[in-house]
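Trainee: no sequence on hand, only this structure:
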């Protein structure tokens, strides 16, 4: 499938106030584009991570009242789902598109992964600092990063791993935010280029454990 870029109209879907109206617009306007994006990017992201990846477009099946503030396609190593494994994600919300690496709350082996992060944090700090625009997000749904990765000291890098096990819902989310106004001007080639550049760096995280 070909990549169909998101338009300014697509981002305004998240201004719709009601659950029914917003979900209908997400299904009609955004989900088909995420499906195309997932199919187009999965083979290349598999080469970058050296793992076969399967695209999973968000269904928001658990929501019945509050409309989602973002939606996404996630890339994970399990054909049946992505939440229990490390995954990459392209998320769309009102003000931006985010290219993310995540260890989510439902990851099956967070203590082991946190230990690997602490062990490799100095190496990752040097490697990821070479890619501009990467940040740490407190939550997978946040539009704004809490800190730029380039600004973190050694203790800050170690604390990112601790976030996984500090609470039951602990998660680790790092990646790049691109403004909606910018991506609304992008072509399919621009999306591929941004995904390749960002996920080539974040592939270091994906392969960690």
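Mentor: Yep, that arrived. Worth saying up front: this structure is predicted, and the values here are computed from it rather than measured.
Trainee: tell me the pLDDT of residue 40.
Mentor: Looking at residue 40, its pLDDT reads 96.
Trainee: ugh, wrong one, I meant residue 76
Mentor: You'll see residue 76 listed with a pLDDT of 96.
Trainee: so it sits against residue 56, correct?
Mentor: Yes: counting by CB atoms under 8 Å, residue 76 does reach residue 56; the two are 6.4 Å apart. (C-beta placed from N, C-alpha, C; glycine too.)
Trainee: joint contacts of those two?
Mentor: Common neighbours of residue 76 and residue 56, counting by CB atoms under 8 Å, 6 or more residues apart in numbering, are residue 82.
Trainee: packing partners of the lowest-mean-pLDDT helix or strand in the chain?
Mentor: Ranked by mean pLDDT, DSSP states H and E, the weakest helix or strand in the chain is helix 154-166, scoring a mean of 87. Helix 154-166 sits against helix 110-128, strand 172-179, with contacts defined as 3 or more CB pairs under 8 Å, 6 or more residues apart in numbering; DSSP states H and E.
Trainee: worst mean pLDDT among the ones you listed?
Mentor: helix 110-128 (a mean of 89).
Trainee: what separation do you get for residue 85 and residue 186?
Mentor: For residue 85, the distance to residue 186 equals 29 Å [CB to CB, to the nearest Å].
Trainee: for residue 63, same thing?
Mentor: In terms of CB to CB, residue 63 sits 28 Å off from residue 186.
Trainee: what segments of this structure are strands?
Mentor: With strands called from DSSP state E, the chain shows them at 54-57, 70-76, 87-93, 96-103, 134-137, 147-148, 172-179.
Trainee: before we move on, back to that, quick one: contacts of the least confident helix or strand of the chain?
Mentor: Residues from elsewhere that reach helix 154-166, judged by CB under 8 Å, 6+ apart: 103, 107, 110-111, 113-115, 117-118, 121-122, 124-125, 136, 147, 152, 170-172, 174.
Trainee: now that helix and strand 96-103, what's the angle there?
Mentor: Counting by axes from the mean of the first three to the mean of the last three CA atoms, to 10 degrees, helix 154-166 lies at 70 degrees to strand 96-103.
Trainee: can you give me the buried ones in helix 154-166?
Mentor: Neighbour-count burial for helix 154-166 flags 157-158, 160-161, 163-164 (criterion: 16 or more other CB atoms under 10 Å).
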